[in-house]
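Chemist: Predicted model, plus sequence, below.
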Amino acid sequence: QVPLVESGGDLVQPGGSLRLSCTTSGFALEYYAIGWFRQAPGKAREGVSCISSSGDSTNYGDSVKDRFAISRDNAQNTVYLQINSLKPEDTAVYYCARRRATVGCPGNLRSSDFASWGQGTQVTVSS
């Protein structure tokens, strides 16, 4: 059983919005920070956002600040990523991942600090 499953990716026009979901299972979500990352074709994986276990602390990559919003519902075992004002450069596969330990979000969103990756959901921004 895959502990994290992403959904909500789609083909959208520039300026549009999407809400991605990361549904978790098999572990106590309330103890873990969750991160979102993305990877565009031919590019390295990029940290997008992270939310602490309680949801009271969040951080974002510089390229998505003011357009993306991360949230979580521990009772529903789900973490969300609201993406607004989409740009063609946001086109990528988006992944969620669980922090390796029960600690907060790292200052720099490095994929090495996260484990239990989902399979990803494709976001394509094109007119």
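Modeler: That came through, no problem.

Chemist: The residue nearest to the spatial centre of the chain and residue 127: what is the separation?
Modeler: Closest to where the C-alpha atoms of the chain average out (C-alpha atoms, centre = their mean) is residue 36, at 2.2 Å. Counting by C-beta to C-beta, to the nearest Å, the gap from residue 36 to residue 127 is 25 Å. Using the backbone N, CA and C atoms, a C-beta is placed for each residue, glycine as well.

Chemist: Identify the residues contacting the helix-or-strand element of the chain with minimal mean pLDDT?
Modeler: The helix or strand of the chain with the lowest confidence, counting by mean pLDDT, DSSP states H and E, is strand 114-115 at a mean of 90. Contacts to strand 114-115, defined as C-beta atoms under 8 Å, 6 or more residues apart in numbering, come from residues 35, 37, 97-100.

Chemist: got a list of contacts for the helix or strand that contains residue 38?
Modeler: Assessed by DSSP states H and E, residue 38 sits inside strand 34-39. Residues from elsewhere that reach strand 34-39 (C-beta under 8 Å, 6+ apart): 20, 22, 24, 45-51, 70, 72, 79, 81, 90, 92-99, 105, 109, 111, 113-114, 120, 123.

Chemist: Stretch 56-63 too?
Modeler: Contacts for stretch 56-63 (C-beta under 8 Å, 6+ apart): 46-52, 68, 70, 89, 104-105, 107, 109.

Chemist: In these, find the pair that's most separated.
Modeler: Greatest spatial distance in these: 89 and 104, 28.7 Å, computed using C-beta to C-beta.

Chemist: Mind checking which of those two has more residues around it?
Modeler: Using other C-beta atoms under 10 Å, the more surrounded residue of residue 89 and residue 104 is residue 104, with 16 against 10.

Chemist: any idea how far that one is from residue 33?
Modeler: The gap separating residue 104 from residue 33 is 6 Å, by C-beta to C-beta.
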